[in-house]
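Undergrad: Dropping a prediction and its sequence here:
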Amino acid sequence: MTKEQALPLLQQMIGEGATFRDGQWEVIDTIVNKRQRLLVVQRTGWGKSLVYFLATRLLRDQNRGPTLLISPLLSLMRNQILMAEKIGVSAATINSANQKEWSAIETKLQNEEVDILLISPERLNNEHFLAKILPAMQSRIGLFVVDEAHCISDWGHDFRPDYQRIVRIVQQLPKTVSVLALTATANDRVVNDTVKQLSKDLQTSRGPLMREGLRLRNIILDEQDERLAWLAENLPKLPGSGIIYCLTVADSVRVANWLQQRGLAVLAYNADMSTEERIAAEDALLANQVKALSATVALGMGFDKPDLYFVIHFQRPGNIVAYYQQVGRAGRALKTSVGILLAGKEDDRILNHFIDSAFAPPDVMEEILLVLEKSEGLTIRALQSHINCSFSMLEKALRLLEIDGALIKKKSAFHRSLNPWTANRAHYERITLNRRLELEKMKEYVKTHECLMAFLVRELSDPHAHACGRCANCSTPTLPNRVSDPELLEAARQFLRNDFQIITPRHQWPAEVHLGSAGNIPVDLQNQEGRALSIYDDPGWGKLVAQGKYRDKRFSDILVSAAAELITQKWKPKPFPRFVTAVPSLRAVSLVEDFAQRLASVLKIPYTQVISKIRETPPQKRMANSAHQAKNIIDAFVITGNVPSGPCLLVDDIFDSKWTLTILGYKINEKGGGPVFPFTLARAADRKTLE
């Protein structure tokens, strides 16, 4: 097969007159004609999906077997699959969302009616797939494709444990099977580690990473109200549409709500949304029906809109690789596009949490194995009652231990295997140190005076780095670096002060911890929906909460007034509370009780302290999951005296897990004092990532 013979298929896929980009045919030639193994590092938008779909068609024309593609981006590949269908490539996916179609897809595979099977890396841990589908395909695979191959390396910014399973599959493939690994975001360290793990026969093909039309800009605005106002003032000045990236789910919603209030068509996009909601948001952006999506990294690597004019970061990403990947979504088919990074002072707090939670600590993994050795198998929920770590951290630890062969999963229960296992502590420490160094390098990028594009691609080991002549450090920027309208800045500040949080009631007890009977909390003993005035330490009221708690040792009268206004004018709980009570402490002077008494006075309803604390407890923020959070305080409080009948306003300063409020609400309801409406001054700072 020659380049000239393949060109009509390329034009059939993407349009008359299309030609191969630099390096595309060379990759196809290597895997189709030479049947070799190749790692390709090319910039975002180069056309990696075009290469493997076209290679699949050419291999199938040679009577080779189907392609198996492993990618974490299946939900974002709808457009690419439609493009493949134009050249007669039949694609099928097997994932957790289409189990009803599995049987039909298996039949099509057996009948050679599927040209490319797309699966997520998590499917490699599915018993049915491993027992039925993979063995039937393995001897017939014509091309094995690993998309986002940097995920194999735990040195990479987006390491995924399930990618480790790919290594074993590649090692078992016949040498005649072509292997194509692809990434847009890998420096030399990650490339070398990926090659070492995948195959010693894996060649490497690198392309230049400089983005010729992308104009980069960094602006440091410490406070969120400044950044919100900057967005509202400058977004209308930017042509076209784009993405505003946020580090947390809460901020993705907050930015969207603020910009909507300012008359801009911006939708939130994050992992807390349903698949249908996310698809609708993607489609709205693709059709230019909205100005922007305010998104977490849930709008991930596979999203492709070639005419995206701008990518703005509301906060600073944790490393150069992640930033290059995200900002690289701008202007893939435009002569000019912009990437603007707004850095704030909350960035380090959020990013350090991400670093700390990236890997399961060796102590946690060792504790899991010790607990399993003493059991006959435990579910992940049951393990939580024994081990003080979050559900997501426990999931990561179990996945790594399973990949290492230290445990076995049978149905939903995990069992200790006979294989010995020792934590490689030094390795994890080196990775964590490297991620902190990457964070420092990202901070250096924000403040550098050299060419921004050259700085980025040099950190990605591109030997062709040079001054771009377009970025804010190489030319005069057009947009201001400060908000010019003081009224807009005040409006942003007021928006943050009105950005109260909903406290949803808990409905179930955690495993092995409960009052009364296990399982569901009786409906009549559950709390009602509550409110929090702010997010702790955020602009608006959050900073005043932090100041009162730790500096002044008293919550100000301003917070009392703000709380009363929220309760009476915005929230208006029904039926309205007849009395106020507070979560007590063992200190002589309780900040919460003092605040609750003053709040009751403003609300003109009686304050009655019906709860006593009978033992000291560690702070709830040290408890990492529901079982430990509930266990920590379930017998630490008692109801004392007569509980007034009727609705109750239960006041605390900060909520995190909601178990203190849930358990105290249960006890008040049990004594006839309900319904109970929780109210707190703040919600603990959002720890969510980027899913």
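TA: Received, thanks. Numbering: from 1, shown residues only.
Undergrad: what about the stretch 1-150 of the chain, any weak spots by pLDDT?
TA: 73-79, 97 (pLDDT under 70).
Undergrad: what about 50?
TA: Per-residue confidence for the stretch 1-150 of the chain (pLDDT under 50) gives no ranges below the cut-off.
Undergrad: In three-state terms, label R43 for me.
TA: The assignment at R43 comes out as coil when based on DSSP: H, G, I helix; E, B strand; the rest coil.
Undergrad: What's the local residue count around it?
TA: Neighbour count of R43, defined by other Cβ atoms under 10 Å: 20. (Glycine included, C-beta is placed from N, CA and C.)
Undergrad: Skip the chain neighbours and tell me the closest residue to it.
TA: Counting by Cβ to Cβ, 6 or more residues apart in numbering, the nearest residue to R43 once its immediate chain neighbours are dropped is L209, at 4.8 Å.
Undergrad: Identify all contacting residues around stretch 475-489.
TA: Outside stretch 475-489, the residues that touch it by Cβ atoms under 8 Å, 6 or more residues apart in numbering are 215, 217, 219, 221, 225-226, 229-230, 232-234, 237, 340, 469.
Undergrad: What is the burial count for the residue nearest to R43?
TA: What L209 shows, counting by other Cβ under 10 Å, is a neighbour count of 25.
Undergrad: and it, what is it in contact with?
TA: For L209, the residues meeting the contact criterion (Cβ under 8 Å, 6+ apart) are 43, 324, 456-457, 460, 462, 464.
Undergrad: who wins for neighbours among these?
TA: Using other Cβ under 10 Å as the contact criterion, the top neighbour count among the contacts of L209 goes to L456, which has 26 neighbours.
Undergrad: so how far is M210 from that one?
TA: Here the criterion is Cβ to Cβ, to the nearest Å. By it, L456 lies 9 Å from M210.
Undergrad: before we move on, back to that, now the residue nearest to R43: how far from Q138?
TA: In this structure, L209 lies at 35 Å from Q138, with Cβ to Cβ as the measure.
Undergrad: And C151, by the same measure?
TA: The span separating C151 from Q138 equals 21 Å under the rule Cβ to Cβ.
Undergrad: Looking at those two, which is more packed in?
TA: Taking C151 and Q138 together and counting by other Cβ under 10 Å, C151 has the greater number of neighbours (27 against 16).
Undergrad: show me what contacts that one?
TA: Listed by Cβ under 8 Å, 6+ apart, the contact partners of C151 are 72, 121, 158-160, 163.
Undergrad: returning to what we had before: which two in the contacts of stretch 475-489 are spaced the farthest apart?
TA: Taking Cβ to Cβ, the two most distant members of those are D225 and G469; they sit 34.3 Å apart.
Undergrad: What count of nearby residues applies to I368?
TA: Burial measure for I368: 24 neighbouring residues, criterion other Cβ under 10 Å.
Undergrad: swap that for L130, please
TA: Going by other Cβ under 10 Å, the residues that sit close to L130 add up to 14.
Undergrad: Equivalent analysis for the one 3 residues further on, please.
TA: The number of residues packed around I133, counting by other Cβ under 10 Å, is 21.
Undergrad: helix/strand/coil for the closest residue to it other than its chain neighbours?
TA: Excluding the flanking residues, the one nearest I133 by Cβ to Cβ, 6+ apart is E106, at 6.2 Å. The three-state label given to E106 by three-state DSSP is helix.
Undergrad: Name all residues that make contact with E106.
TA: With Cβ under 8 Å, 6+ apart, E106 has these contacts: 132-133, 136.
Undergrad: quick one: low-confidence ranges for the protein?
TA: Judged against pLDDT under 50, the low-scoring parts of the chain cover residues 687-691.
Undergrad: Next up, the contacts around C389.
TA: Applying Cβ under 8 Å, 6+ apart, one finds that C389 lies in contact with 360-361, 364, 397, 624-625.
Undergrad: domain assignment for this protein?
TA: In the assignment given by automatic domain parsing, the structural domains of the chain cover 3-206, 214-352+459-494, 500-683.
Undergrad: Distance to V371 added to those, as TSV?
TA: Shown next, in TSV, are the domains of the chain (distance: least, Cβ to Cβ, whole Å):
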stretch	distance to V371
domain 3-206	20
domain 214-352+459-494	29
domain 500-683	13
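Undergrad: Nearest to T379, out of those domains?
TA: domain 500-683 (7.9 Å).
Undergrad: Work out the gap between the closest one and the centre of the chain.
TA: Computed by Cα atoms, centre = their mean, to the nearest Å, the chain-centroid distance of domain 500-683 equals 29 Å.
Undergrad: and the end-to-end length of it?
TA: Counting by Cα to Cα, to the nearest Å, you get 9 Å between the two ends of domain 500-683.
Undergrad: Among the contacts of C389, which lie within helices?
TA: Members of the contacts of C389 lying in helices (criterion: DSSP state H): 364, 397.
Undergrad: A strand includes N218, no?
TA: Yes - counting by three-state DSSP, N218 is located in a strand.
Undergrad: ok, it to T248 distance?
TA: Distance check for N218 against T248: by Cβ to Cβ, it reads 20 Å.
Undergrad: ok, now I368?
TA: 28 Å.
Undergrad: try V177
TA: Between V177 and T248 the computed distance is 42 Å (Cβ to Cβ).
Undergrad: same check, this time on E529
TA: 22 Å.
Undergrad: Would you mind telling me which of those two has more residues around it?
TA: More neighbours surround T248 than the other of E529 and T248, with 22 against 12 (other Cβ under 10 Å).
Undergrad: L69 pairs with what?
TA: With DSSP bridges applied, L69 shows beta-bridge pairing to L118, V145.
Undergrad: Can you report how many residues lie near the residue nearest to D188 when sequence neighbours are not counted?
TA: Taking Cβ to Cβ, 6+ apart, and ignoring the residues beside it in sequence, D188 has S461 as its nearest neighbour in space, at 4.2 Å. When counting by other Cβ under 10 Å, one arrives at 17 neighbours for S461.
Undergrad: Now do the contacts for S461.
TA: Residues counted as contacts of S461 (Cβ under 8 Å, 6+ apart) are 187-188, 191.
Undergrad: Pick out the one among those with the largest number of neighbours.
TA: Compared across the contacts of S461, V191 has the highest neighbour count, 24 neighbours, by other Cβ under 10 Å.
Undergrad: What are the phi and psi values at that residue?
TA: Comment: the main-chain dihedrals of V191 come out as phi -60, psi -50, following degrees, to the nearest 10.
Undergrad: Verify the stated contact: it with S205.
TA: No - look at V191 against S205 with Cβ atoms under 8 Å: they stay out of range, at 10.6 Å.
Undergrad: what touches both of those two?
TA: Between them, V191 and S205 share these contacting residues under Cβ under 8 Å, 6+ apart: 39, 41.
Undergrad: need the next SSE after the helix or strand encompassing H415, C-terminal direction.
TA: Secondary structure from DSSP states H and E places H415 in strand 413-416. Of the helices and strands lying after strand 413-416 in sequence (DSSP H and E), the nearest is helix 425-447.
Undergrad: name the helices or strands packed onto that following helix?
TA: Of the remaining helices and strands, those touching helix 425-447 by 3 or more Cβ pairs under 8 Å, 6 or more residues apart in numbering; DSSP states H and E are strand 214-220, helix 320-327, helix 347-356, helix 452-459.
Undergrad: want to throw those into a markdown table with distance to L54?
TA: Output for those, formatted as a markdown table (distance: least, Cβ to Cβ, whole Å):
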| stretch | distance to L54 |
| --- | --- |
| strand 214-220 | 27 |
| helix 320-327 | 24 |
| helix 347-356 | 37 |
| helix 452-459 | 27 |
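Undergrad: Quick check: which of these is nearest to L143?
TA: Closest among the helices and strands packed on helix 425-447, using Cβ to Cβ: helix 320-327, at 24.6 Å.
Undergrad: Whichever helix or strand comes after the closest one - which strands sit beside it in the sheet, and in what orientation?
TA: Beyond helix 320-327 in the direction of the C-terminus, DSSP H and E gives the next helix or strand as strand 337-343. Here strand 337-343 has these sheet partners by DSSP bridges: strand 214-220 (parallel), strand 310-313 (parallel).
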